[in-house]
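Asker: just to be clear, the model below is a prediction. Sequence and coordinates:
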Amino acid sequence: MDYFHNVKDLGLNLLRGARDLLYPGCCLLCGRMLPSSVEHFCFDCRHGLFHDPYPNCPRCGGTVGPYAVVEGRCVACRKEAFAFEQTLRLGPYAGLLQEVVLRLKNQRSEILAELVGEYWAREAADRISGLGVDVLVPVPLHWLRRWSRGYNQSAALCRGLATVLRVPQCPTLLRRVRHTPRQYLQTPSGRKANVRGAFRARSGQSIRGRSILLVDDVMTTGATVGEASKALVAAGAKRVVVAVLARAQG
């Protein structure tokens, strides 16, 4: 397994080098030429991606108005029994962030996902370090979907986060045991049933007593990360905190 990851890392580094040769000094999102002192993203794209202008619920990550959070929950999640403790989001599922999420899902953009994860980690370093998490775990794809997409965008984001935060990651800790229909095709009430029992922690990988940061690209109702969190808690995790790139309003 270590050999596989070493070969994969070498391949990704070669791809990064090829990208820099083909597109020197260009923003990876809008293609605008960059000053020599700036890398990867122009100022406008960086601001659009990594600046969240809205207050959000610490429990579910949803955008809220003033005075909407009472005792750590908003109206939307007050009656929800999530298995995760809180949600850390990069921003709302809108504008440039929505475009990036769709790009990561529909194109082979593994390098972009890692870079976004790295920048996200720098922006949220203080907040994440205050959570006291022991390990980062991405929400897994079923092997059929991963094969058709070419990679797991949540795992790539997780690698970027782990690189900057210097927190261990375990991409194989969770597995998806059912090939479920896509969540966005389900009704809000049907999403929980769609992913019920879809995740299981792998045997032989002890997580008992550990605090886990569960990483995903987008969250709408919380059904997917909620079910994944249940599997981690059932396997002995002390607590689960969710980190999502974008939070959509369900």
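Answerer: Yep, that arrived.
Asker: strands of the protein, residue ranges please.
Answerer: 86-92, 135-138, 174-176, 199-201, 211-219, 239-247 (DSSP state E).
Asker: distance to Asp52 added to the ones you listed, as a markdown table?
Answerer: For glycine as for every other residue, the C-beta is placed from the backbone atoms N, C-alpha and C. Shown next, in a markdown table, are the strands of the chain (distance: least, C-beta to C-beta, whole Å):
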| stretch | distance to Asp52 |
| --- | --- |
| strand 86-92 | 4 |
| strand 135-138 | 20 |
| strand 174-176 | 27 |
| strand 199-201 | 28 |
| strand 211-219 | 14 |
| strand 239-247 | 9 |
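Asker: out of those, flag the one nearest Glu71.
Answerer: Across the strands of the chain, Glu71 has its closest neighbour in strand 86-92 (12.7 Å, C-beta to C-beta).
Asker: how distant is the closest one from the center of its chain?
Answerer: Here the centre of strand 86-92 is set off from its chain's centre by 9 Å, with C-alpha atoms, centre = their mean, to the nearest Å.
Asker: tell me which strands it pairs with, and in which orientation.
Answerer: strand 239-247 (parallel) (DSSP bridges).
Asker: list the buried ones in the strand it pairs with?
Answerer: Using 16 or more other C-beta atoms under 10 Å as the test for burial, strand 239-247 gives Arg239, Val240, Val241, Val242, Ala243, Val244, Leu245, Ala246, Arg247.
Asker: pull the most distant pair out of those.
Answerer: Greatest spatial distance among those (C-beta to C-beta): Arg239 and Ala246, at 23.1 Å.
Asker: which one, of the strands of the chain, ends up nearest to Trp147?
Answerer: Short answer: strand 174-176, nearest of the strands of the chain by C-beta to C-beta, at 12.5 Å.
Asker: other SSEs contacting that closest one?
Answerer: Here strand 174-176 touches strand 199-201, helix 223-234, going by 3 or more C-beta pairs under 8 Å, 6 or more residues apart in numbering; DSSP states H and E.
Asker: averaged pLDDT, it. What do you get?
Answerer: Computed over strand 174-176, the mean pLDDT rounds to 94.
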